[in-house]
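Colleague: Make a model of this:
(chains A, B, C and D)
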Protein chains: 2
Amino acid sequence: MSNKTIGIKDVAQAAGVSVTTVSHVLNDVAYARISPETRDKVRSVAEQLGYGPNRLAQALRTQRTGMLGLVSEEIATTPHAGRIILGADEAAKARGYNLMIINTPGSASLESRQADVQALLERRVDGILYATMYHRNVELPANLGSVPSVLVDSVATGGNITAVIPDEEGGARAAVGALLDAGHTRVGFINNTDDVPATHQRLAAFRAVLTEAGLDGGSAPVESEVSEVHGGYEAARRILAREDRPTGLFCYNDRMAMGAYRAAAELGLSIPDDLSVVGFDDQELIAANLYPGLTTVALPHYEMGAWATEHLIDAIEGKADLASMALQPTILGCPLVSRESIAAPR
Amino acid sequence: MSNKTIGIKDVAQAAGVSVTTVSHVLNDVAYARISPETRDKVRSVAEQLGYGPNRLAQALRTQRTGMLGLVSEEIATTPHAGRIILGADEAAKARGYNLMIINTPGSASLESRQADVQALLERRVDGILYATMYHRNVELPANLGSVPSVLVDSVATGGNITAVIPDEEGGARAAVGALLDAGHTRVGFINNTDDVPATHQRLAAFRAVLTEAGLDGGSAPVESEVSEVHGGYEAARRILAREDRPTGLFCYNDRMAMGAYRAAAELGLSIPDDLSVVGFDDQELIAANLYPGLTTVALPHYEMGAWATEHLIDAIEGKADLASMALQPTILGCPLVSRESIAAPR
DNA sequence: GGTCTTGTTGCTCATCTGTCTCCCACGTCC
DNA sequence: GGACGTGGGAGACAGATGAGCAACAAGACC
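Modeller: This is a model prediction of the structure:
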């Protein structure tokens, strides 16, 4: 503790050269002509002294901090945010950047969000990742535009900012397709009631896939409830009470599927023998731990975080142009994760 | 985009004073003698120009960054890390600090952890929070000592670093106590097989509480398995097959309790009428969504994150002495969260 | 009443933080 | 006398900080 930090000038003094030379050597400056002996000397002295650069001073001079700001909604509420952070952190670390994280309540006012971005700006982050807790349209703080930025899991109301979102339709198609592939012809959908893109897109995909398979997608049974376990339970009770009871159930998310499991159990229906179920989200804690394991569709949170970070850094380093990518959001696939909840109908 | 950022000198010029004066005004320097008129002038010009300080330059000069480093294990694997981050972020923001986060795999080598800390040090963070994914003994990177630091959810093998951990014993006592209060006399414990403090402390508390209540704590049934859903299922099958079948079950964590629910269902035992269950962890996704809702004990992750941050900042600002707190870890309570899984025995 | 001293007010100058980078200097060898 | 090989000096980045200076007022003294 407390032996004051040593800087480039301490190294210079100890090595008997100028600070300029030390800087040249340590940064492998292209045009610097310095003898191999001097280079070795400088390097070894630096290591001996345990020299580490002061990134603040570097950043001040070079106008590059190597820091990315990540403003994330509701870090704690959902494990999804964790996966985005992880994807972003690993991608950032791989390219020598670090993450500065700011949490913001989903309910935060625009001014409050703007203040968050401002804090990041004052620290001169090289770019900003703006992550929301679920796929929707968000209104962005105006000052976001003053530095390269990428939206994760949302599209901006105004458009024209690079964004990456999950392939809701493809995911839903994969889920329903898995049911059809197993031979089901009576398939129902337990939907969410929120007015978010996922609700509409998954429903549309559900109907489309059935129709394309020669079934009557238009009149296939759909029940909507709040997207929680109890909502899934209620909706499943209703849908399973129909005369033409479905043998396959596509659930809006894994929590609703969990509710469907209970409804099935109460009705004496065995999964997957009497009823096949497929969810959405791949919330490990639920999907892998239900019995039988829930076949579901994974949201690419990790991948979105990594993609956004990669492209943000490309833009910062001038290797890519965000503006051209901003024309439409990038869509990342939602792969099917097979477990044991789907079987052929009896 | 691109109107170059304005600095203190732009403000000075626009206000017709020196940069020194601007700095004095904006920082409310105590000994600075500046007329109220000038102060107002400077402030209004600064606001008009949308001036924001360059925290890098400030930090370089003052040797204070206002940044806290948080190295966290396995951000994604568990929602617990999210709660620690949230607690830390809110506490930090309240005092004007920001968080710089680095994720590290739980399996990372000591050198790799040291490199993570080094990265934080190079950015001159004012202090470091070192969070682990569950309560255990960790070996810390040596360079952690070069800046004020606090351990979250762990104690160091070497001791002498301030740490904050959950009250395992108190939590276990509350859980078992809830069962006894409901009138149960035959109570079993489904334990974890990992050799971590929680395993031993919860077991000890379990036996102690029973004994203190006049029951035979020493011979109360205990079954151990891996701390996952299927382990909980296996252990519950065994414990519920006993002749003196327990009417109350204390489970090592909520996942194991989830397995116990299934075991009970298969045996035709209704919760809570035939069997009362209490878990540990309060993993919302599980505890609140099981049917009936699982009564459990909450781990104070948010509180630990906030506590650690508060005290770290106190130490940084010279308002507290970490060394004196390092003598023994601070213990934070684990409150009981009541839901519907406990009833009086038949 | 004039000048000198001392104090106060209001603000600026010079210097510092640690690093990078452009440009120049010095010696040597063809 | 250039070209080459080696290396150093002096800002600049954006702001913080304490000493110092000018202007003026009030007393003090003869």
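
Colleague: alpha carbons only for contacts and neighbour counts from here, please
Modeller: Noted.

Colleague: From the chain's centroid, how far away is stretch A:318-331?
Modeller: Mean C-alpha position of stretch A:318-331 versus that of the full chain (Cα atoms, centre = their mean, to the nearest Å) differs by 17 Å.

Colleague: end-to-end on it?
Modeller: This stretch, stretch A:318-331, spans 23 Å end to end (Cα to Cα, to the nearest Å).

Colleague: where does the stretch 1-150 of chain A come near DNA strand D, residue by residue?
Modeller: By the rule Cα under 7 Å from any atom of the strand, the part of the stretch 1-150 of chain A lying against DNA strand D is A:16-21, A:32-35, A:38, A:57, A:60-61.

Colleague: Are any of those residues buried, and if so which?
Modeller: Buried by 16 or more other Cα atoms under 10 Å in any protein chain shown: A:18-19, A:21, A:38, A:57, A:60, out of these.

Colleague: Tell me which residues touch the closest residue to residue A:210 other than its chain neighbours, please.
Modeller: Distance criterion Cα to Cα, 6 or more residues apart in numbering or on different chains; nearest residue to residue A:210, sequence neighbours excluded, is residue A:217 at 4.7 Å. Listed by Cα atoms under 8 Å, 6 or more residues apart in numbering or on different chains, the contact set of residue A:217 reads A:206-211.

Colleague: Between these, which sits nearest residue B:340?
Modeller: Distance to residue B:340, by Cα to Cα, is smallest for residue A:206 among the contacts of residue A:217, at 36.3 Å.

Colleague: thinking again about what came up before, tell me which two in the residues of the stretch 1-150 of chain A next to DNA strand D are the farthest apart.
Modeller: Across those (Cα to Cα), the longest gap, 28.9 Å, separates A:35 and A:60.

Colleague: Helix, strand or coil: sort out residue A:173 for me.
Modeller: Secondary structure of residue A:173, reduced to three states by DSSP: H, G, I helix; E, B strand; the rest coil: helix.

Colleague: Just the pLDDT for residue A:79.
Modeller: In this prediction, residue A:79 carries a pLDDT score of 78.

Colleague: What distance do you get for it to residue A:42?
Modeller: 47 Å.

Colleague: So which of the buried ones among the residues of the stretch 1-150 of chain A next to DNA strand D is the closest to residue A:5?
Modeller: For these, the nearest to residue A:5 is residue A:57 (13.4 Å; Cα to Cα).

Colleague: which residue sits closest to residue A:101 in space, ignoring its chain neighbours?
Modeller: Residue A:101 sits nearest to residue A:70 (Cα to Cα, 6+ apart), 4.8 Å away.

Colleague: That neighbour contacts residue A:129, correct?
Modeller: Yes: contact criterion Cα atoms under 8 Å: residue A:70 and residue A:129 qualify, at 4.7 Å.

Colleague: Those two - which one has more neighbours?
Modeller: residue A:70 (29 against 26; other Cα atoms under 10 Å in any protein chain shown).

Colleague: Distance check, residue A:54 against residue B:141.
Modeller: With Cα to Cα as the criterion, residue A:54 and residue B:141 are 20 Å apart.

Colleague: sorry, back to before: would you turn the residues of the stretch 1-150 of chain A next to DNA strand D into a markdown table with pLDDT?
Modeller: Below are those laid out as a markdown table (pLDDT from 0 to 100):
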| residue | pLDDT |
| --- | --- |
| A:16 | 92 |
| A:17 | 93 |
| A:18 | 93 |
| A:19 | 94 |
| A:20 | 93 |
| A:21 | 94 |
| A:32 | 82 |
| A:33 | 85 |
| A:34 | 90 |
| A:35 | 91 |
| A:38 | 92 |
| A:57 | 96 |
| A:60 | 96 |
| A:61 | 96 |
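
Colleague: Could you list which of the residues you listed belong to helices?
Modeller: Residues of those located in helices (DSSP state H): A:19-21, A:38, A:57, A:60-61.

Colleague: got the phi/psi numbers for the residue in the stretch 151-300 of chain A that DNA strand D sits nearest to?
Modeller: Proximity of the stretch 151-300 of chain A to DNA strand D (Cα to the nearest atom of the strand) peaks at residue A:161, 25.8 Å away. Backbone torsions for residue A:161, taken as degrees, to the nearest 10, come to phi -140, psi 140.

Colleague: what does the stretch 151-300 of chain A put close to chain B?
Modeller: Proximity of the stretch 151-300 of chain A to chain B is confined to A:229-230, A:285-286, A:289 under the rule Cα under 8 Å from any Cα of the partner chain.

Colleague: from those residues, which is closest to DNA strand C?
Modeller: Checking those one by one against DNA strand C (Cα to the nearest atom of the strand), the nearest turns out to be residue A:285, at 45.3 Å.

Colleague: hmm, the least confident helix or strand in chain A by mean pLDDT touching chain B?
Modeller: Sorting the helices and strands of chain A by mean pLDDT, DSSP states H and E puts strand A:127-138 at the bottom, at a mean of 87. No: contact of strand A:127-138 with chain B (Cα under 8 Å from any Cα) is absent, the minimum separation being 12.9 Å.

Colleague: in chain A, which spans are strands?
Modeller: Listed in chain order, the strands of chain A (DSSP state E) span A:67-73, A:98-104, A:127-138, A:149-156, A:163-166, A:187-192, A:222-225, A:248-251, A:276-278, A:296-297, A:330-332, A:336-337.

Colleague: Let me have these in CSV, extended by distance to residue A:324.
Modeller: Listed next are the strands of chain A as CSV, based on distance: least, Cα to Cα, whole Å:
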stretch, distance to residue A:324
strand A:67-73, 21
strand A:98-104, 25
strand A:127-138, 17
strand A:149-156, 13
strand A:163-166, 11
strand A:187-192, 34
strand A:222-225, 38
strand A:248-251, 36
strand A:276-278, 37
strand A:296-297, 30
strand A:330-332, 11
strand A:336-337, 31
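
Colleague: No more questions from me, cheers.
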